[in-house]
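Engineer: need a 3D model of the following:
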Amino acid sequence: MLAVKFCVRYSKMSRVGKHPINIPSGVNVSFVDGVLIGKGKNGEFSFKVHDSVFTEITGEKITFSPSGNDKISRSMWGTCRAIVSKYIEGLTTLFSRKLNLVGVGYRASVQGKNLVMQLGYSHEIVVEIPVGLTVVCETPTAVRVSGANRQLVGEMVKRLQKYRAPEPYKGKGVIIDGQYVYRKEGKKK
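Structural biologist: Numbers count the residues shown, from 1 in each chain. All right, here's what the predicted structure looks like:
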């Protein structure tokens with residue numbers, strides 16, 4: 001008997017891209033020459049929409065649709081919609097991540113436009129706070145990074161974590177709030 005494989009093709013419609021984005025009150029959005037520009041109480045953004053995606057602003061909604069049926073159009077359709085959605089969300093509410101400094105003598109403080117951390121090295125680590133982000137030390141061992149751009153907040157948090165990544169034996173390091181640190185058992189005699 002000859003086995004025949006049938007290729008099942010799924011719908012070519014993006015599950016994310018087909019939903020329109022609601023523009024909240026207090027946010028102004030305009031589309032000029034392929035660039036989406038938004039302004040709100042927490043700042044502003046500009047995003048160059050991919051050429052293979054149609055963008056339409058009608059009333060209080062932004063809709064995206066692919067220009068063709070090729071793979072790039074379909075993939076960029078949902079991607080553009082997701083990115084713009086997070087930009088608009090950041091204009092009304094700030095994104096925030098918390099870091100915990102776990103270890104003897106680990107502490108941090110904000111001095112002017114710099115974050116100064118002591119993480120067990122012989123020197124202090126001085127990190128310049130980027131424009132658009134706010135860094136607050138709630139306690140000497142807890143740092144909160146917040147801002148309107150979700151990507152910048154995430155990049156800053158990962159950059160700070162790289163200075164002393166969590167280690168599995170004692171659980172020391174810069175740990176993102178809610179992150180699980182896999183613990184290992186040490187040597188036995």
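
Engineer: hey, which helix is longest across the protein?
Structural biologist: Counting residues, the longest helix found in the chain (DSSP state H) is helix 71-92.

Engineer: packing partners of that helix?
Structural biologist: Counting contacts by 3 or more Cβ pairs under 8 Å, 6 or more residues apart in numbering; DSSP states H and E, helix 71-92 packs against strand 21-22, strand 35-40, strand 43-48, strand 53-58, strand 61-66, helix 150-162. Using the backbone N, CA and C atoms, a C-beta is placed for each residue, glycine as well.

Engineer: okay, now the sheet partners of the second one, with direction.
Structural biologist: Paired with strand 35-40 in the same sheet, following DSSP bridges, are strand 28-32 (antiparallel), strand 43-48 (antiparallel).

Engineer: which one of these is the most hemmed in?
Structural biologist: strand 43-48 (a mean of 15; mean count of other Cβ atoms under 10 Å).

Engineer: just for the chain, where's the confidence low?
Structural biologist: For the chain, applying pLDDT under 70 flags the ranges 1-14.

Engineer: tell me the domain boundaries of it?
Structural biologist: Per automatic domain parsing, the structural domains of the chain span 21-92, 95-176.

Engineer: which element is Val127 on?
Structural biologist: strand 125-128 (DSSP states H and E).

Engineer: mind listing what's buried along that strand?
Structural biologist: Using 16 or more other Cβ atoms under 10 Å as the test for burial, strand 125-128 gives no buried residues.

Engineer: tabulate the CA atom coordinates of that strand in PDB.
Structural biologist: The C-alpha trace of strand 125-128 is given here as PDB (Å, rounded to 0.1, in the frame of the first residue of the first chain):
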ATOM      1  CA  ILE A 125      29.800  49.700  38.800                       C
ATOM      2  CA  VAL A 126      28.500  53.000  37.400                       C
ATOM      3  CA  VAL A 127      25.700  52.800  34.800                       C
ATOM      4  CA  GLU A 128      24.400  55.800  33.000                       C
END
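
Engineer: so what touches it?
Structural biologist: 113-119, 159-160, 163 (Cβ atoms under 8 Å, 6 or more residues apart in numbering).

Engineer: who does the strand or helix carrying Val110 pair up with?
Structural biologist: Per DSSP H and E, Val110 falls inside strand 107-111. Strand pairing for strand 107-111, determined by DSSP bridges: strand 114-118 (antiparallel).
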